[in-house]
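[1] Pasting a predicted model and its sequence here:
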Amino acid sequence: MQIALFQPDIPQNTGTILRLCACLDVAAHIIEPAGFPTSDRHFRRAGMDYLDHVAITRHDSWSKFEQWRNEAGFRLVLFTTRGADSYLDFRYGRDDVLLFGRESAGVTDEVACSADARLAIPIRPGLRSLNVAIAAAMALGEALRQTGSTVEGEIRSEERL
């Protein structure tokens, strides 16, 4: 399971998603151009010291990312407000790449057409969308639950409910 971010433009969201990837041992991909440098203080603050614990691959462009993905044989699962199916009804595989679009504009039609699946997270009518970091956490949690791909970490006794 991997996460890809298409041209992210809010550094805090990207840092938060990379922290999620670090904690759950999931590789991350950033498809350029991003709307901020990796030296951005908001990005570094959101990612904290977790950025050193996540495998991040930067792709210069969508075409370079697609070349990598096709050569590796990974299925691309796009999360979009225009998705036809609920993310809860989809059957995930261990080799899926979960793709999230730019916060301000989503993904291009070319990117949407390249996806093997286009999923939505159902929300109340009249509301636009969830924060991309929240959507990534929900989607990744469901995908990992279905595939049994969980981190074998220790839960400290004070954290147990």
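    That came through fine.

[2] Would you tell me what the next helix or strand after the helix or strand of the chain with the lowest mean pLDDT is?
    Lowest on mean pLDDT, DSSP states H and E among the helices and strands of the chain sits helix 41-47, with a mean of 64. The element immediately downstream of helix 41-47 (helix or strand, assigned by DSSP states H and E) is strand 56-59.

[3] Where is the longest helix in the chain?
    The residue-count maximum for a helix in the chain (DSSP state H) belongs to helix 132-147.

[4] Just the mean pLDDT for that helix, thanks.
    Computed over helix 132-147, the mean pLDDT rounds to 97.

[5] Give me the contacts around that helix.
    Here helix 132-147 makes contact (Cβ atoms under 8 Å, 6 or more residues apart in numbering) with 1, 3, 5, 8, 10, 13, 16-17, 20, 24, 26, 77, 79, 87-88, 91-94, 96, 98, 100-101, 103, 119, 121, 129-130, 149-150. (C-beta placed from N, C-alpha, C; glycine too.)

[6] Mind giving me the ChimeraX select for those residues, buried ones only?
    A single ChimeraX command selects the buried members of the contacts of helix 132-147 (16 or more other Cβ atoms under 10 Å):
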select :1,3,5,8,10,13,16,17,20,24,26,77,79,87,92,96,98,100,101,103,119,121,129,149
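
[7] So which of the contacts of helix 132-147 are in strands?
    With DSSP state E as the criterion, strands contain 3, 5, 77, 79, 96, 98, 100, 119 from among those.

[8] mind checking how far the last one is from residue 60?
    What it means is residue 119. 27 Å (Cβ to Cβ, to the nearest Å).

[9] now, the most widely separated pair of the ones in strands among the contacts of helix 132-147?
    Spatial extent of the ones in strands among the contacts of helix 132-147 (Cβ to Cβ) is set by the pair 5 and 119 at 16.0 Å.

[10] Name the nearest residue to residue 115, sequence neighbours excluded.
    Distances taken as Cβ to Cβ, 6 or more residues apart in numbering place residue 78 nearest to residue 115, at 3.7 Å, with adjacent residues excluded.
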